[in-house]
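*Asks:* Got a predicted structure here, sequence first:
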Amino acid sequence: MNKQIKNFLIHHGRQFGTLIGLFVLIVVLWIFSPFFLTFSNLLNVAQQTSINAIIAVGMTFVIISAGIDLSVGSIVALAGVVLASTLHRGVPLPFAIMMGLGVGFLCGLVNGILITQGRLPPFISTLGMMSVARGTALLFTQGRPISGFSADFRFLATGEILRIPMPVVMMIMIYIVAHFVLKSTKLGRYTYAIGGNEEAAILSGVNVKFYKTIVYGICGLFSGTAAVLLSARLNSAQPIAGMMYELDAIAAVVIGGSSLMGGEGTVIGTLIGAFIMGVLRNGLNLLGISSFIQQIIIGSVIIVAVLVDMALKKHQTS
Amino acid sequence: MRTFGHLCAFLFLIFIFMCGCQRGEQTAGKPTIALVVKTVNHPFFVDMQNGAEEAAKRLGVDVIVQGAEREVDVEKQMQIIENLIQRKVDAICIDPSGSKEIIPAILKADKAEIPVLIVDTRIDTSLLNESGGFVETFIGSDNEEGGRIAGNYILNQLGGRGKVAVLEGIPGHETSDARLRGFHSALDQAPGMEIVVSLTANWERDQGFTVFQNILQSHPEVQALFACNDLMALGAIEAVEAAGKTGEIIIVGFDALDDAKKAILKGTMHGSVAQHPSEMGRIAIESAYRLINGERIEKNIPVRIELMTRDNLDVAGIESP
Amino acid sequence: MIDKIMLQMFHIRQVFPGVIALDDVDFDLQRGEVHILLGENGAGKSTLIKILSGAYQKTSGLIKLEGVEIDIKNPRHAQTLGISTIYQEFNLVPHLNVYENIFLGREPVSIPGVTNRGEMIRKAEEILDDLGVAIDVHAPVRTLGVAQKQMVEVAKALSMDAKILIMDEPTSTLTDREIQDLFSMIRRLKKKGVSIIFISHRLEEAYDIGDRVTVLRDGRHIGTCDMDQIQKTDLIKMMVNRELKEQYPRIRMQAGEEILRVENVNKKGILKDITFSLHRGEILGITGLMGAGRTELARILFGVDQFDNGQFVFKGKMITIQSPRKAINLGIGFLTEDRKSQGLILKQSLQENICLPSIERFSRWGMMDVQKENLITERYIKELKIKTTGSRQKVKYLSGGNQQKVVMGKWLATQADIFIFDEPTRGIDVGSKVEIYQWMNRLTKNGSGLIMMSSEMPEILGMSDRILVMRHGHIAGEFLPDESAQETILQCALGVKNE
């Protein structure tokens, strides 16, 4: 029995750690703000976290495969404006959404192809895509936001199912699917294998180029999904939307215990990471703490989380 | 696991420290007014914050000033407003990062019966009405008027004939658009005036430098520059200096930042349209206070706007510290 | 006599959470001797040297250096005491050149903050000359071969006035000739009074270079004796505590039908006219010096690398092998030489590693059948006698021999007809070695054809049914395994004419 607990800790220690961190954060905020631990505020936090959390799912795939994607924020903007202009041209809602998702997926695939066929480092190719997608979004809209959508579309952000806001419902569904994909499908297995040891994966018959491309495609697809939610939430698609979202997403993934070296990580960890950031922002707003201090605290939490993670890792190996 | 203890202790200390600061000011029964600015990383909004805090102190109310890390991040601003609604503040003053995009957040405040006051940047009223939203008032200076003032100044300086360059803010920003509209309307009076190039430098100083450097290359004949804010104008000045053309080009900015005033005194810049952000902050808090106390307030509260040049700078400098 | 004793360790005990790595171990080292440290993987050799090099702090015990009790605090401290360690993974900065590496962190300075390059170069050349090695001190380390990098490491140690040099399996990645160079350098060091602790798995080497030998087993000291007073079989007995009938238990059998024929494979500058065939039930040994093209040939056979021309006949049919996936689907398995960088995904579990190449068997429409995977993994853990806490344990926590067994398991699971083994037993202990050889027997008995690339002559002679010798990218000769052939094979590999 004792051994079982020990084994569990060894295998899940890192997630466990971040979960404790989140829990402590919640307790502290509960003590200091009477407004924090209310049902409506928790839903509010979940809803605010959902967009970053959804982008971070795709980022988790990329980071597990030992890559990085700096273009997610720009892809959110491009997918958003394409979706919006399609909607404004009177295209039926499902097709317009598919257009938005498709643009995201396509940008991701281009990233993947540049990395696998062009042999570019992921940092470089996605840095390029970051600029290209942003520029395309600005050009496409002449720099102006596209606003005003139908209630049907806005339902995606403002609607509720059993009092749970739609973005939260979608986030939960996406996490369930992503967890399943990573843990129980060939694609997931290959993602870990490629990140863990690309050479060994090639020599074990994994079509690394194909699957890597798919992984970036998935990341783009989730950016497209975030674009749909963001446009619905703001009732507007801005070409300047999503700036620096890549950093929030990477932070969530890293706080969640994924290693930037690849081969390790879980979407559950990422979800916890995204919530730590969301809860922190919300709590600091509730406490009325100055925005300057907020930035310091968020930065410190990222650093502390990774320090703790490294300490736990060391603890495991010895 | 020991390290975890350390993490917890660390977080805990930070919170106690900061809550200590906050608690000191909070007393039961005092109304709390929130001011949500676009970003806190800009002198304009720092002035606004100072004005608001002074007024709050005088009136004996609590004020919470928050802003996103990045000016363009409407979504973050929306999050802040949602969180302040949860915090059940008594009134929210908003300087919107997006005149259309912020409307869903206003609707949420309306639903929570928290009065909303708009500061500095107008929101899209037709869209607001369409969505059934309601705001108490608009407090701000007329950006279009400011643009017109700047246009008239350049027009007079050049004697009604000349080639002009423009540095725009982020496209689609109501502030930028209004200033441009005003500027264009002023220049339209004189057929001799020609805008030869109009590009965006995204409100930023370093972009103002590079963009204007490029303009000087492609349009060396430019005689005057209107920059939609001072940061871009200050960047452009450096480009002018680098090209060795200091003083040859008339440069007018917007916002009358301290650095801009210094440049005007030095003669590297000619004028800057001054809004009075600290006054906006002050009036916003005062109006919210009156609302909370059941008084009625005007639908539109103008804040004075004027052009600062060498001639009036000393006087103006005393007025707005 | 007292003067001759360099280092003494008494009752050394090292306890890790849940494991006693060393239990009451004594060890001593004399001035100018080469002391061989033998033991299976996990016997405690690494722990012992990590205590000496300051990487671990001993739990209890006493260490005396030249009669004075010392407490080794950290690796830096060990170096100042004159104890230097050369690990298998070198501690060199690839982009710096040789002399910069030798003096890294201890650069002689002329004015404070300014390194004295001339001084560094002069000293570096002096040390390398002393070692009898010809290496250009200006060459960036990344351009050097493994053997040369090792020499740089030795030079670095000597520049710190090392009295004791610990070498962890220094020969495992060297060719025979390079090993001879290394040994002549060690003999020079001995003459200068440097004591050497030498870890190796190869008994032949131990006899070649060692003065004394200490055998560890399961963290305990089994015995120490002079090298020339102990038989090889006795040493093995001490190491494994069981009689190994034979180190190479090959059961030879009648070769079956031809399963693969390679015809005229060429790759410019690397391979020239490679032609051979492989039969069912046969182990085809391929040997040669480093750089003779063995691994390159294996990679082409497995579809990893491209080649210029040539063809493959597999089970009587002409085939092309464009990718490893295709090779696996055809029934070819490839056990790479470097299990850590090419064979395994260390961060993943046994199960994920073992099932990776044969993933198609465990998945339908892209979804994994985890139960089936688990079943197969458990089966191979049992059959290969892998020491592990379970199929979910991460491979990085296994010992070298057990890791190699996982590599075996992953290719056994593909149920291939042809297995290419590239250095199958490099750096693993005698016990695991024999088990792997027994598996090779079993595979050939079941009708598979095996290609074994190896640079260990006893292994080639002991296990192969036929031997191909490669030199400069072509097949220089074919031999039958016969004790007397050893010399001719070596001559063939070296390109020495037989008169």
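*Replies:* Nice, I can see it. Because the structure is predicted, anything quoted here is derived from the model rather than measured.
*Asks:* what kind of secondary structure is the residue of chain B found nearest chain A in?
*Replies:* Nearest to chain A in chain B, going by Cβ to the nearest Cβ, is residue B:171, at a distance of 2.7 Å. To be clear about C-beta, it is placed using only N, CA and C from the backbone, and glycine gets the same treatment. Here residue B:171 is coil, with the state taken from DSSP: H, G, I helix; E, B strand; the rest coil.
*Asks:* Let me see the contact set for the nearest residue to it once chain neighbours are set aside.
*Replies:* Nearest residue to residue B:171 in three dimensions, chain neighbours excluded: residue A:143, at 2.7 Å (Cβ to Cβ, 6 or more residues apart in numbering or on different chains). By Cβ atoms under 8 Å, 6 or more residues apart in numbering or on different chains, the contact set of residue A:143 is A:239, B:170, B:171, B:172, B:200.
*Asks:* can you do 10 Å?
*Replies:* Each residue near residue A:143 by Cβ atoms under 10 Å, 6 or more residues apart in numbering or on different chains is listed here: A:137, A:238, A:239, A:240, B:168, B:170, B:171, B:172, B:173, B:176, B:200, B:202.
*Asks:* And the residues you listed, which is closest to chain C?
*Replies:* After measuring the contacts of residue A:143 against chain C - Cβ to the nearest Cβ - the closest member comes out as residue A:137, at 33.2 Å.
*Asks:* if I look at the closest residue to residue C:257 other than its chain neighbours, how far off is chain A?
*Replies:* Setting aside the residues directly before and after it, residue C:257 is nearest to residue C:280 in space (Cβ to Cβ, 6+ apart), at 5.7 Å. Look at residue C:280 and chain A: by Cβ to the nearest Cβ, to the nearest Å, they are 23 Å apart.
*Asks:* how much space between residue C:280 and residue C:383?
*Replies:* Noted for residue C:280: a distance of 22 Å to residue C:383, by Cβ to Cβ, to the nearest Å.
*Asks:* do the same with residue B:105
*Replies:* Applying Cβ to Cβ, the value for residue B:105 to residue C:383 is 64 Å.
*Asks:* So for those two, which residue has more residues nearby?
*Replies:* residue B:105 (28 against 14; other Cβ atoms under 10 Å in any protein chain shown).
*Asks:* so what's the more buried one scoring on pLDDT?
*Replies:* Residue-level confidence at residue B:105 comes out at 94, pLDDT.
*Asks:* close enough to count as contact, it and residue B:118?
*Replies:* No. If you go by Cβ atoms under 10 Å, residue B:105 and residue B:118 don't touch, sitting 11.7 Å apart.
*Asks:* what residues are shared contacts of these two?
*Replies:* Common neighbours of residue B:105 and residue B:118 (Cβ under 10 Å, 6+ apart) are B:92, B:94, B:96.
*Asks:* Next, work out how far apart residue B:146 and residue C:462 are.
*Replies:* 92 Å.
*Asks:* These two: which is more packed in?
*Replies:* residue B:146 (25 against 18).
*Asks:* can you tell me the helix or strand for the more buried one?
*Replies:* helix B:143-157 (DSSP states H and E).
*Asks:* buried set for that helix?
*Replies:* By neighbour count with 16 or more other Cβ atoms under 10 Å in any protein chain shown, helix B:143-157 contains the buried residues B:143-155, B:157.
*Asks:* so how far is that helix off the chain centroid?
*Replies:* Relative to its chain's centre, helix B:143-157 lies at 18 Å (Cα atoms, centre = their mean, to the nearest Å).
*Asks:* Partner strands of the helix or strand in which residue B:38 is found and their direction?
*Replies:* Using DSSP H and E, residue B:38 maps to strand B:32-39. Applying DSSP bridges, strand B:32-39 is found paired with strand B:62-68 (parallel), strand B:91-94 (parallel).
*Asks:* could you redo those as a markdown table and give each row mean pLDDT, distance to residue C:221 and mean neighbour count?
*Replies:* As requested, those are exported to a markdown table (pLDDT from 0 to 100; distance: least, Cβ to Cβ, whole Å; neighbours: other Cβ atoms under 10 Å in any protein chain shown):
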| stretch | mean pLDDT | distance to residue C:221 | mean neighbour count |
| --- | --- | --- | --- |
| strand B:62-68 | 92 | 67 | 23 |
| strand B:91-94 | 96 | 77 | 27 |
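*Asks:* nearest to residue A:148, of the ones you listed?
*Replies:* strand B:91-94 (19.8 Å; Cβ to Cβ).
*Asks:* Quick check: what element follows that closest one along the chain?
*Replies:* Next element after strand B:91-94 (DSSP H and E): helix B:103-111.
*Asks:* May I ask you to confirm that residue B:54 is in contact with residue B:65?
*Replies:* No. Using Cβ under 10 Å, residue B:54 is not in contact with residue B:65, being 11.9 Å away.
*Asks:* Next, show the common contact partners of the two.
*Replies:* residue B:281.
*Asks:* Could I get the contacting residues of residue 95?
*Replies:* In the absence of a named chain, chain A is used. So residue A:95 contacts A:86, A:87, A:102 (Cβ under 10 Å, 6+ apart).
*Asks:* hmm, I had chain B in mind actually
*Replies:* B:35-39, B:44-45, B:48, B:67, B:77, B:102, B:117-121, B:139-140, B:175, B:277, B:280-281, B:284.
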